[in-house]
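**Student:** Quick one, what's the 3D model for this:
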Amino acid sequence: MDSTVAGSALATTTLTHFSIWGMFLQADMVVKLVIIGLLFASLWSWAIIFDKSLRLRNLFNQAEQFEEKFWSGVSLEDLFEKIGARPKDPMSSIFVAAMREWRRSSGKGGLPPASAGALGGALIADRIDRVMKISLEREMDHLNRRMIFLASTGSVAPFLGLFGTVWGIMNTFNAIGQAADTSLATVAPGISEALFATALGLVAAIPAVVAYNKLSTDLGRYALRLENFAGEFGAILSRQLETTKLPAE
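**Tutor:** Predicted coordinates:
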């Protein structure tokens, strides 16, 4: 009976030691810091992944809705007044920025196009294109924030986990040398703690790399959609400038 109880207690102690929490508690301080850093990187990466994924899904839906309104034949002035001073998505922001520049250059706050001639019309079109480009770059810069963290996690996490593993194995060999015992019971705990750091490094890195590639592709598609809209809208405004009756030079 006593041997059965002792065996059960030993098994419970072994399971506790080889559990995730047990390995963390038994690990060296340096390995603990590596594990904590990798856990933080993994959690923050998943937060970024969920935030970016939901944000991009909403942006594509909002772009679809805005393009439907834009190509429905509604007046540009009416659409501008409806959106107001606070556009909700990047495509609306580009539209609002271009319309503001158009209004300033068409006499509302500036000289009318007719007073500048054909050269003035070209300058107005160029200013509108620059305004849309600046607005597009600003919006994409905002959307690309924290993407560098995913890339860094995917690149650094495996090496950080490997560092924790090497450090843990070094400590294990030092303990073996001091105890002069090479039995599996002596070696296994230290090695398992060390390999746990490598496993965490891969757990943090793999989702970060996959998500970075997917999100980068989606961001590229969205940026191309904004560029196409800016080009089409710029062409529309240029045609309106060309049809404006300008005085002869």
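
**Student:** can you give me the helices for the protein?
**Tutor:** 2-17, 20-26, 29-70, 76-83, 90-105, 117-143, 147-179, 184-243 (DSSP state H).

**Student:** hey, which of those helices is tucked in deepest?
**Tutor:** helix 90-105 (a mean of 21; mean count of other Cβ atoms under 10 Å). (C-beta placed from N, C-alpha, C; glycine too.)

**Student:** Now do that one against helix 117-143, angle only.
**Tutor:** Here helix 90-105 points in a direction 150 degrees away from that of helix 117-143 (axes from the mean of the first three to the mean of the last three Cα atoms, to 10 degrees).

**Student:** got the contact list for helix 90-105?
**Tutor:** 59, 62-63, 66-67, 70, 76-77, 79-80, 83, 85, 87, 109-111, 113, 124, 127-128, 131-132, 134-136, 139-140, 143, 222, 225-226, 229-230, 233-234, 237 (Cβ atoms under 8 Å, 6 or more residues apart in numbering).

**Student:** same thing but 7 Å
**Tutor:** By Cβ atoms under 7 Å, 6 or more residues apart in numbering, the residues outside helix 90-105 that reach it are 59, 63, 66, 76, 80, 83, 87, 109-110, 113, 124, 127-128, 131-132, 135-136, 139, 226, 229-230, 233, 237.

**Student:** And for stretch 123-143?
**Tutor:** 90, 93-94, 97-98, 101-102, 105, 113, 219, 223, 226-227, 230, 234, 237-238, 241.

**Student:** next one: stretch 201-220
**Tutor:** By Cβ under 7 Å, 6+ apart, the list of residues contacting stretch 201-220 reads 38, 41-42, 45-46, 49, 52, 56, 143-144, 147, 150-151, 153-154, 157-158, 160-162.

**Student:** If we use 6 Å, what do you get?
**Tutor:** Stretch 201-220 is contacted by residues 38, 41-42, 45, 49, 52, 56, 150-151, 153-154, 157-158, 160-161 when judged by Cβ atoms under 6 Å, 6 or more residues apart in numbering.

**Student:** Can you pick out the most distant pair from these?
**Tutor:** Spatially, the most separated pair among the contacts of stretch 201-220 is Leu56 and Gly161, at 29.4 Å (Cβ to Cβ).

**Student:** Tell me the spacing between the spatially most central residue of the chain and Leu219.
**Tutor:** Of all residues in the chain, the one closest to the mean position by Cα atoms, centre = their mean is Met147, 3.5 Å from it. To Leu219, Met147 is 8 Å away according to Cβ to Cβ, to the nearest Å.

**Student:** circling back: as a markdown table, the helices of the chain with mean pLDDT would be great.
**Tutor:** As requested, those are exported to a markdown table (pLDDT from 0 to 100):
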| stretch | mean pLDDT |
| --- | --- |
| helix 2-17 | 43 |
| helix 20-26 | 68 |
| helix 29-70 | 93 |
| helix 76-83 | 88 |
| helix 90-105 | 90 |
| helix 117-143 | 84 |
| helix 147-179 | 85 |
| helix 184-243 | 87 |
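
**Student:** so how far is stretch 137-146 off the chain centroid?
**Tutor:** 9 Å (Cα atoms, centre = their mean, to the nearest Å).

**Student:** same thing with stretch 97-108?
**Tutor:** With Cα atoms, centre = their mean, you get 33 Å for stretch 97-108.

**Student:** can you check stretch 154-169 too?
**Tutor:** Centroid separation for stretch 154-169 versus its chain: 24 Å, with Cα atoms, centre = their mean.

**Student:** No further questions, thank you.
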